[in-house]
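Engineer: Sequence and predicted structure are below.
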Amino acid sequence: DTAVSQTPKYLVTQMGNDKSIKCEQNLGHDTMYWYKQDSKKFLKIMFSYNNKELIINETVPNRFSPKSPDKAHLNLHINSLELGDSAVYFCASSQLAGGGAGELFFGEGSRLTVL
Amino acid sequence: QQQVKQSPQSLIVQKGGISIINCAYENTAFDYFPWYQQFPGKGPALLIAIRPDVSEKKEGRFTISFNKSAKQFSLHIMDSQPGDSATYFCAASPWGSQGNLIFGKGTKLSVKP
């Protein structure tokens, strides 16, 4: 039973299209995240949601919009895709503890290729 | 000041040897330092983490050494095994926001049989 699951695992699309990646966690965690891993494997946080409220929004283009219908789901919608959006997108979750978030549990990633 | 610098970029070690990966940070607000392990096609997974109130933490063959004054920390993998071959990321964050991790650029470790 996968703890953090993302769909789709692979996504190939043309420039200018709009696409979504879905994420679900069954760990009962309070906080969910989107991280981007580029072609050089550099990992960078994009968004964080705590109980359906956005608490981190790094300098990400507003073409990227996270949506959290409930605390178990955090979806990522991307408008007007660009070549530079090609990357692996990881969803993660954690449980707030001791005043801060604990261990991050990552999904297996969604590889987005923009042609 | 938000960066975490990690070295080396890649590392080849013989089976049974010691693997050492180093990281350095500048932001003195960082006080949570985890290491994540990532296998190809998988998401990163927490390996071991340390806070600055201790200088060393050991879990099995994995040890974090922490030098607060130098703002450096390192991962030592003793008796390295081929199954340890993966990419290792150091990271840092303030304790109040451990989810907002600043990651190093990763070290690809290959352990040769």
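Structural biologist: Right, received. Where do you want to start?

Engineer: And the nearest residue to residue B:11 once chain neighbours are set aside, its phi and psi?
Structural biologist: Spatial nearest neighbour of residue B:11, excluding adjacent residues (CB to CB, 6 or more residues apart in numbering or on different chains): residue B:109 at 5.0 Å. C-beta coordinates here come from the backbone N, C-alpha and C atoms, glycine included. Per-residue torsions, residue B:109: phi -100, psi 130 (degrees, to the nearest 10).

Engineer: Hmm, residue B:83 and residue B:109 touching each other?
Structural biologist: No - between residue B:109 and residue B:83 there is no contact under CB atoms under 8 Å: 10.9 Å.

Engineer: So between those two, which is more surrounded?
Structural biologist: Remark: of residue B:109 and residue B:83, residue B:109 carries more neighbours, 21 against 9, as counted by other CB atoms under 10 Å in any protein chain shown.

Engineer: Please work out the average pLDDT along stretch B:106-113.
Structural biologist: For stretch B:106-113, the mean per-residue pLDDT is 97.

Engineer: for whichever residue of chain B sits closest to chain A, what are its contacts?
Structural biologist: Here chain B gets closest to chain A at one residue, residue B:43, 3.0 Å apart by CB to the nearest CB. Residue B:43 sits next to A:4, A:90, A:92, A:106-109 when contact means CB atoms under 8 Å, 6 or more residues apart in numbering or on different chains.

Engineer: which one of these is nearest chain B?
Structural biologist: Distance to chain B, by CB to the nearest CB, is smallest for residue A:106 among the contacts of residue B:43, at 3.0 Å.

Engineer: so how far is residue B:24 from that closest one?
Structural biologist: 24 Å (CB to CB, to the nearest Å).

Engineer: Who does the most centrally placed residue in chain A form a beta bridge with?
Structural biologist: When CA atoms, centre = their mean is applied to chain A, the residue found nearest the centroid is residue A:34 (2.7 Å). Listed beta-bridge partners, residue A:34: residue A:47, residue A:91 (assigned using DSSP bridges).

Engineer: Then residue A:11?
Structural biologist: Residues in a beta bridge with residue A:11, per DSSP bridges, are residue A:112.

Engineer: Do I have it right that it meets residue A:89?
Structural biologist: No - counting by CB under 8 Å, residue A:11 stays clear of residue A:89, with 9.0 Å between them.

Engineer: which of these two has more neighbours?
Structural biologist: Between residue A:11 and residue A:89, counting by other CB under 10 Å, residue A:89 is the more crowded of the two (22 against 19).

Engineer: Quick check, the more buried one in contact with residue A:38.
Structural biologist: No - if you go by CB under 8 Å, residue A:89 and residue A:38 don't touch, sitting 10.5 Å apart.

Engineer: Among residue A:106 and residue B:24, which residue is more densely surrounded?
Structural biologist: Neighbour totals were compared for residue A:106 and residue B:24, and residue A:106 leads with 23 against 18 (other CB under 10 Å).

Engineer: Show the pLDDT at that one.
Structural biologist: The model reports residue A:106 with a pLDDT of 95.

Engineer: And for the one 4 residues further on?
Structural biologist: According to the model's per-residue confidence, residue A:110 sits at a pLDDT of 98.

Engineer: Number of residues surrounding it?
Structural biologist: Number of residues near residue A:110 (other CB under 10 Å) recorded here: 23.
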